[in-house]
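Enquirer: Sequence first, predicted coordinates after that:
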Amino acid sequence: MILSDQTIKRLIASGELGIEPFKDIQIQPASFDVRLGNSFSVLKSGSSILKMDRPIEYHATTAGMGYRFLAGQIIQIVKKHGFCWMVKSKIDLTEHTFPYINRIKTFTEFMEGIMYEGAIIKETLTDELLLDHLIIDRTEIWKTGTEIKYWTMVFFRSDTEDLPTRLAAVLIEGWFADMKAGNTKYIIFKDKVLSYEIGNGAEKEEVLDYMRGIGIPESQFNWSE
């Protein structure tokens with residue numbers, strides 16, 4: 001599952017997710033940047049030709065013990081005639097033995113949790129801060145020919161557990177939006193969330209009956225499942 005930056009921060013604050021050491025600057029929109037440590041393994045001298053029929057020999061070393069990291073390369077420090085020379089090492093970096101992230105608590109229940117998918121029109125929101133809870137896959141501009149000349153359609157995913165309720169709180173009266181999570185379809189109105197199990201005709205018909213009752217034309221019942 002992809003975690004949004006807001007979700008990472010929330011899980012860190014609640015203790016459900018632990019990353020040590022941790023710095024806010026390393027949080028990206030849907031990821032966490034890691035840093036290379038100072039320990040690594042290199043091929044032993046004479047092992048430049050690798051063969052599958054014999055073990056590959058390594059020795060462990062650290063930056064500062066004859067090696068430096070520079071511009072994404074390992075630089076070997078060679079002393080000669082009283083001077084220090086920097087020579088690009090021909091020894092391959094094979095593994096990183098000092099992980100920057102060294103503890104992640106188990107949160108299997110969260111990883112198996114809800115992931116919403118859907119689309120909303122940005123102009124139907126009274127508070128655009130809702131977008132902070134979305135992982136936006138793409139946006140499209142639709143020409144309407146109405147008073148609002150263009151609509152911004154936002155296609156998204158989100159792991160915010162109460163997203164349907166949050167959306168219902170900021171939708172403009174008279175509009176509705178739809179999304180799904182797993183096998184559940186949500187139809188969302190201002191301050192009201194309806195849902196049905198995809199494939200359950202009786203549950204879906206209850207939702208459609210409500211929509212007919214408030215005057216929504218059946219031509220708008222064409223959402224995808």
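Expert: Okay, I see it. Just so it is clear, the structure is predicted and the values come from calculations on it, not from any experiment.
Enquirer: Could you pull out the buried residues of the helix or strand where residue 202 lies?
Expert: In this structure, residue 202 sits in helix 201-213 according to DSSP states H and E. For helix 201-213, the neighbour count (16 or more other CB atoms under 10 Å) marks 204, 207, 211 as buried. The way it works is simple: take the backbone N, C-alpha and C, and place the C-beta from them, glycine included.
Enquirer: which intervals of this protein have sub-threshold pLDDT?
Expert: Scanning the chain for pLDDT under 70 picks out 1-3, 35-52, 56, 58-113.
Enquirer: per the record, what domains does it have?
Expert: For the chain, automatic domain parsing gives the domain ranges 5-35+102-109, 39-96, 114-218.
Enquirer: Please, where are all the helices along this structure?
Expert: 5-14, 108-111, 163-170, 201-213 (DSSP state H).
Enquirer: My guess is residue 140 contacts residue 150. True?
Expert: No - contact criterion CB atoms under 8 Å: residue 140 and residue 150 do not qualify, at 10.2 Å.
Enquirer: Now do the same contact list for residue 177.
Expert: By CB atoms under 8 Å, 6 or more residues apart in numbering, the contact list for residue 177 reads 118, 119, 120, 121, 124, 167, 171, 187, 188.
Enquirer: and which of those residues is nearest residue 53?
Expert: residue 118 (55.2 Å; CB to CB).
Enquirer: for that closest one, which residues make a bridge with it?
Expert: residue 156, residue 179 (DSSP bridges).
Enquirer: just to revisit the earlier point, in JSON lines: the buried residues of helix 201-213, plus distance to residue 160.
Expert: Formatted as JSON lines, these follow (distance: CB to CB, whole Å):
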{"residue": "204", "distance to residue 160": "25"}
{"residue": "207", "distance to residue 160": "22"}
{"residue": "211", "distance to residue 160": "25"}
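Enquirer: Looking at those, which is nearest residue 7?
Expert: Once CB to CB is applied, the member of the buried residues of helix 201-213 that ends up nearest residue 7 is residue 207, at 28.8 Å.
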